[in-house]
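no sequence for this one, just the structure:
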């Protein structure tokens, strides 16, 4: 393969660049706080170029959540996650949220969109519900296996505990945005204390 071909494959296409920037703006400002004009200006393209890929902002928003859902499915099925014992799968989940923290204390996609949920287009709402359901179901399964193998401990149903953990993690990122990283680390430390056997 020539150098020209290999270097061109490293440059994201326009659609990917739009999605990447829109995701950044979404996590920093919220879905309703940026426009196609913002995207066009930052990317150095005309708004028509964005409309070509995403005819409406509703289409863009739905594509963002769909992409995150694909990422979740891919991450969950990676051998470096799927083949871990439950306590380490839980730690892998904590690492995802810690990664958000490391990016200028960004909130997670669910946390960013939940506040605006009633104003989101119906297809975007549906994809966000699917994302949240699949993540919760995955964590509930991890928790169930963890309790059965004595690598995790908790009281109540795995589904209820999964919901509590995910809500706590999303909230911890919100608190970190207001203060600093310390409350997030304290909250995750408390989750470890409650879920991991001593």
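Happy to help now that I have it. This structure is a prediction, so every number in the text was calculated from the model and none was measured.

any regions of the protein where pLDDT drops low?
1-12, 102-106 (pLDDT under 70).

rerun that using 90 as the cut-off
1-14, 27-33, 47, 49, 98-116, 173-184, 197-198 (pLDDT under 90).

buried ones in the lengthiest helix in it?
When the chain is parsed with DSSP state H, its longest helix is helix 122-148. Buried residues in helix 122-148, counted by 16 or more other CB atoms under 10 Å: 124-125, 127-128, 131-132, 135-136, 138-144, 146-147. Placement of C-beta: from N, CA and C, glycine included.

from the chain's centroid, how far away is stretch 166-181?
Chain-centre distance of stretch 166-181: 13 Å, with CA atoms, centre = their mean, to the nearest Å.

same thing with stretch 116-132?
Worked out by CA atoms, centre = their mean, stretch 116-132 lies 14 Å from the chain centre.

neighbouring contacts of it?
Outside stretch 116-132, the residues that touch it by CB atoms under 8 Å, 6 or more residues apart in numbering are 30-32, 58, 61-62, 65-66, 68-69, 72, 109-110, 113, 166.

try stretch 28-43
Contacts to stretch 28-43, defined as CB under 8 Å, 6+ apart, come from residues 14, 17-18, 21-22, 25-26, 46-47, 49-51, 57, 61, 104, 106, 112-113, 115-116, 119-120.

what's the closest non-adjacent residue to residue 86?
residue 146 (3.2 Å; CB to CB, 6 or more residues apart in numbering).

separation between that neighbour and residue 14?
43 Å (CB to CB, to the nearest Å).

residue 98 too?
For residue 98 relative to residue 14 (CB to CB), the value is 31 Å.

between these two, which is the more surrounded one?
Ranked by neighbour count (other CB atoms under 10 Å), residue 98 and residue 14 place residue 98 first, with 17 against 14.

residues contacting that one?
Applying CB under 8 Å, 6+ apart, the residues near residue 98 are 184, 188.

same question for residue 93.
Going by CB under 8 Å, 6+ apart, residue 93 touches 139, 142, 169.

count the residues that sit near residue 83.
9.

just residue 159 next, same as before
15.

what of the one 10 residues further on?
Around residue 169 sit 23 other residues, with neighbours defined as other CB under 10 Å.
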